[in-house]
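In: predicted coordinates and the sequence they were generated for:
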Amino acid sequence: MTSEQRLDELRNTAATATTPPAITYYDLPLLKAPVWTWEIPLYFFVGGAAGTAAILGLVAQVTGGNAQLVKDARRIAFVGAVVSAPLLISDLGRPERFLNMLRIFKPQSPMSVGAWTVALFGGAATGALLPGVAGNVSAVAAAGTGAVMATYTGVLLGATVVPAWNTHVALLPIHFGASSLGSAVSLLELRGHRHSALQSLALGAAIFECLAMVAIETGEDRATAPLRENRLTRIGALLSGPIPLVMRLFGGKSKQARRVAAAATLAGSLLTRFAWVEAGKKSAKDVGIALR
């Protein structure tokens, strides 16, 4: 083969080769969509319910409430703490990533605050199961960190640049807190507790969930559209707000009505967390919102 023939062969090969085009910043999305999988919304739900249960357990103890209710609340907090850490670590991929977040405490970072809260809450919720003074002191610590567990996830979402989350930065912590309260009360009711105080707390949570539902459904801004158009949002809102509210108001003293209300609240609270995460993923892909 002559040099000219060899040169022609190389030219033909180059002409027919399928070289992928180079990726430039024009090909990248303006906002990075959340890459969270199912573990994170489930963690939001479990951690919130566990944190609020720790608060309810302490309040019941301080006010001289039923001893069995105090024990059940502490057990719910403990189980939630045990489940929360593995869910968070599973999403991170490797345990050392979670440990790395504990190397430095950054109060300005919701992620850092969250990692430390999970660790401290886990230890306190475990210690609260101990008898005597040690258990009581740990219960106070569990309630304090539990308050953060119930609300910081809303702060975490609102602190991002994702439009559907950032637009509702004021609503999210209260929304998640009320939802966590309803979940914790519902778990205690399903354990057989029928105290009037629990009924009142559940009614308050359901009323707030109804108000949150109205705020989202009547919002006309583009950033809220991913929430309004998400079927999970509406189903979760109905199960968290109107359905348990009606069952509790008109169910009288029926145990069955309260069980249905409790089950609906738990399902709605869980679906709500998934709905917010999915709405955030969709919102991040909408360039028009990001450029407003």
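Out: Alright, I've got the coordinates. Residues are numbered from 1 along each chain as shown.
In: okay, now the unreliable bits of the chain?
Out: Low-confidence segments of the chain (pLDDT under 70): 1-33, 95, 108, 110, 287-292.
In: the residue most central in space within it in helix, strand or coil?
Out: Residue closest to the average C-alpha location in the chain (Cα atoms, centre = their mean): residue 44, at 2.6 Å. Three-state assignment for residue 44 (DSSP: H, G, I helix; E, B strand; the rest coil): helix.
In: secondary structure element holding residue 80?
Out: helix 67-92 (DSSP states H and E).
In: before we move on, back to that, would you mind measuring from the residue nearest to the centre of the chain to residue 268?
Out: Taking Cβ to Cβ, to the nearest Å as the measure, residue 44 falls 13 Å from residue 268. (Glycine included, C-beta is placed from N, CA and C.)
In: which parts of the stretch 151-292 of the chain are helices?
Out: Along the stretch 151-292 of the chain, the stretches classed as helices by DSSP state H, counting those that start in this stretch are 163-166, 171-190, 196-218, 225-228, 231-240, 242-250, 255-284, 287-290.
In: and those, which is most packed in?
Out: Counting by mean count of other Cβ atoms under 10 Å, helix 171-190 has the highest mean neighbour count of the helices of the stretch 151-292 of the chain, with a mean of 25.
In: just the CA atoms of it, as PDB, please.
Out: In PDB, the C-alpha atoms belonging to helix 171-190 read as follows (Å, rounded to 0.1, in the frame of the first residue of the first chain):
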ATOM      1  CA  LEU A 171     -44.200  27.300  55.000                       C
ATOM      2  CA  LEU A 172     -42.000  24.200  54.900                       C
ATOM      3  CA  PRO A 173     -40.700  24.000  58.400                       C
ATOM      4  CA  ILE A 174     -44.100  24.600  60.000                       C
ATOM      5  CA  HIS A 175     -45.700  22.300  57.400                       C
ATOM      6  CA  PHE A 176     -43.300  19.400  58.200                       C
ATOM      7  CA  GLY A 177     -43.600  20.100  61.900                       C
ATOM      8  CA  ALA A 178     -47.400  19.900  61.900                       C
ATOM      9  CA  SER A 179     -47.200  16.800  59.700                       C
ATOM     10  CA  SER A 180     -44.800  15.200  62.200                       C
ATOM     11  CA  LEU A 181     -47.000  16.100  65.100                       C
ATOM     12  CA  GLY A 182     -50.000  14.400  63.400                       C
ATOM     13  CA  SER A 183     -47.900  11.300  62.700                       C
ATOM     14  CA  ALA A 184     -46.500  11.000  66.200                       C
ATOM     15  CA  VAL A 185     -50.000  11.400  67.700                       C
ATOM     16  CA  SER A 186     -51.400   8.800  65.200                       C
ATOM     17  CA  LEU A 187     -48.800   6.300  66.200                       C
ATOM     18  CA  LEU A 188     -49.600   6.700  69.900                       C
ATOM     19  CA  GLU A 189     -53.300   6.300  69.100                       C
ATOM     20  CA  LEU A 190     -52.700   3.200  67.100                       C
END
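In: show the contacting residues for residue 270.
Out: By Cβ atoms under 8 Å, 6 or more residues apart in numbering, the residues touching residue 270 are 41, 42, 45, 236.
In: still on that earlier bit, out of the helices of the stretch 151-292 of the chain, the one nearest residue 141 is which?
Out: Proximity to residue 141 (Cβ to Cβ) singles out helix 171-190 among those, at 17.5 Å.
In: now that closest one against helix 231-240, angle please.
Out: Counting by axes from the mean of the first three to the mean of the last three Cα atoms, to 10 degrees, helix 171-190 lies at 50 degrees to helix 231-240.
In: let's number from 52 now, not from 1
Out: Okay, using 52 as the starting number, the last item reads as helix 222-241.
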